[in-house]
Structure formats: structure tokens, C-alpha cells
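Engineer: Here is a sequence together with a model predicted from it:
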Amino acid sequence: MQYWLLKSEPSAYSWDDLVEQKEGMWDGVRNYAARLNLMAMKKGDLALFYHSNEGKEVVGIVKVSKEHYPDPTAKEGNWVVVNVVPVEKFPKTVTLAQIKADDRLKEMALVKLSRLSVGPVRPEEFDVIVGLAHD
């Protein structure tokens, strides 16, 4: 199993939107590195759901329910989507400030490649964030 981080502006697509839908299509990604990450995701992989811009916090965990397929919202180009389902809403969100302040997370893609909307997360980073959310 691999771990990931998915960013979304809550005004565009929030955790609550995903919960209401029960399964969501992660569409609209228009960055080549992020596309490669979507293509690497396997059914059953877990991802941290991150609210960007508004909130700047990890709010929960989702699971990949369908591997990549063509993005139906793309007007041109070879863009892809995955489907995800909610797994757990965190009892406490984990803010970007907390992540940046934690030495165990200083190499995290969220910190190093802050503009990347879909990024890998190392297992130990995933565990730290889950731990912070449950402290």
C-alpha cells in the first residue's frame, strides 16, 4: 500500500462534499507531476485529504476506490482522475503550521513541493499525521 496527499480548496470540493457523495472523482488536476502521482495510485491506497488555501489543514483520510481513468472534465490533453471514498474524518485537523513545525515531517512533499496538488506521503509521515489528529 502507498500513501498520498490530495489537496482541494474547500470552496471547490470539501470533505463534507465527499461524504455527501459517498464516492468522489478527483478531477481537474492539470499538473504533470500530480498526474503521474494519480496514475501511480492503486485501489486501496490511502490518502490524506487536505483543505488548501482556506484552512490549510489535513481533515481526514480517503481510500482510492477506482484507479486512474481519463478525466471527463478535460477539454484537451491526457489528464486522469481517480475515485476516492471517505474513511475517517479526523477528530482534530492537522494544520500546515503544525506540519512545518514538526521535524519528523520536514521532508514531506507538502512542505518541499508546496504547489503540488497530489503528492506522495511516506508511511512514517502518514503515521505522524494520524497521530497528531488523534492526540
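Structural biologist: Yes, it's here.

Engineer: Is residue 126 part of a helix or strand, or is it coil?
Structural biologist: Three-state call for residue 126 (DSSP: H, G, I helix; E, B strand; the rest coil): helix.

Engineer: Just the buried residues of the helix or strand of the chain with the lowest mean pLDDT, please?
Structural biologist: Every helix and strand in the chain was compared by mean pLDDT, DSSP states H and E; the lowest is helix 109-112, with a mean of 93. Under the neighbour-count criterion of 16 or more other CB atoms under 10 Å, helix 109-112 has 109-110 buried. All C-beta atoms are positioned from the backbone trio N, CA, C, and that covers glycine.

Engineer: List the contacts of that helix.
Structural biologist: Among residues not part of helix 109-112, those counted as contacts by CB atoms under 8 Å, 6 or more residues apart in numbering are 5, 50, 96, 99-100, 105, 116, 119-121.

Engineer: and of those residues, the nearest to residue 132?
Structural biologist: For the contacts of helix 109-112, the minimum distance to residue 132 (CB to CB) is 8.3 Å, reached by residue 99.

Engineer: tell me, how many neighbours does residue 97 end up with?
Structural biologist: Using other CB atoms under 10 Å, residue 97 has 10 neighbouring residues.

Engineer: That one: helix or strand, and which one exactly?
Structural biologist: Here residue 97, judged by DSSP states H and E, is contained in helix 96-101.

Engineer: Using CSV, write down the CA coordinates of that helix.
Structural biologist: What follows is helix 96-101 as a C-alpha-only set of coordinates in CSV (Å, rounded to 0.1, in the frame of the first residue of the first chain):
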residue,chain,number,x,y,z
LEU,A,96,0.1,23.2,7.8
ALA,A,97,1.8,25.2,10.6
GLN,A,98,1.9,22.0,12.8
ILE,A,99,3.3,20.0,9.9
LYS,A,100,6.0,22.6,9.2
ALA,A,101,6.9,22.8,12.9
